[in-house]
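Participant: coordinates for the following, if possible.
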Amino acid sequence: RSAPRRAADGWYCPASGALISTQDDWRQDAIVTTRVAADRLAEYGIRVRPRDSGQRVLLDEFYSPRCGTLLDARIRVEAATAG
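Facilitator: Purely as a prediction, here's the structure:
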């Protein structure tokens, strides 16, 4: 399991034991990359049909700022722009 673990003094990486954050939500201190899901998953050999219209499907990846361990990944639909 790659989810950070909480201790009394902060959040720690389960792989390296490095302190990730002392915030209530560790994601505030994580390194976040966001890519179009179909493009990023293709890098892993996973075939996903890209969207041709509408909001993009994105993949957010959260990495430890200390050791680079991937801690969480989330797929979401891009927010609609007003206009």
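Participant: contacting residues around the most centrally placed residue in the chain?
Facilitator: In the chain, the centroid-proximal residue (CA atoms, centre = their mean) is residue 61; its distance is 2.1 Å. The contact partners of residue 61, by CB atoms under 8 Å, 6 or more residues apart in numbering, come to 32, 33, 34, 35, 40, 70, 72, 73. C-beta: built from backbone N, CA, C; applies to glycine.
Participant: what strands line up against the helix or strand hosting it, and which way round?
Facilitator: When secondary structure is defined by DSSP states H and E, residue 61 falls within strand 57-63. Listed by DSSP bridges, the sheet partners of strand 57-63 and their directions read strand 31-36 (antiparallel), strand 70-77 (antiparallel).
Participant: let's see the shortest one as PDB, backbone CA atoms only.
Facilitator: Extracted C-alpha coordinates of strand 31-36, given in PDB (Å, rounded to 0.1, in the frame of the first residue of the first chain):
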ATOM      1  CA  ILE A  31       4.400  17.100  -5.800                       C
ATOM      2  CA  VAL A  32       1.500  16.900  -8.100                       C
ATOM      3  CA  THR A  33       1.600  16.200 -11.800                       C
ATOM      4  CA  THR A  34      -1.600  16.300 -14.000                       C
ATOM      5  CA  ARG A  35      -1.800  14.800 -17.400                       C
ATOM      6  CA  VAL A  36      -4.500  13.800 -19.900                       C
END
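Participant: next SSE after it?
Facilitator: Elements were assigned by DSSP H and E; along the chain past strand 31-36, the next helix or strand is helix 37-43.
Participant: report the buried residues of that next one.
Facilitator: 37, 38, 40, 41 (16 or more other CB atoms under 10 Å).
Participant: what do you get for stretch 60-78?
Facilitator: Of all the residues in stretch 60-78, those buried under the rule 16+ other CB under 10 Å are 60, 61, 62, 63, 64, 66, 69, 71.
Participant: any regions of the protein where pLDDT drops low?
Facilitator: For the chain, residues meeting the criterion pLDDT under 70 lie at 1, 82-83.
Participant: residue contacts, residue 22?
Facilitator: Contact criterion CB under 8 Å, 6+ apart gives 9, 10, 11 as the residues in contact with residue 22.
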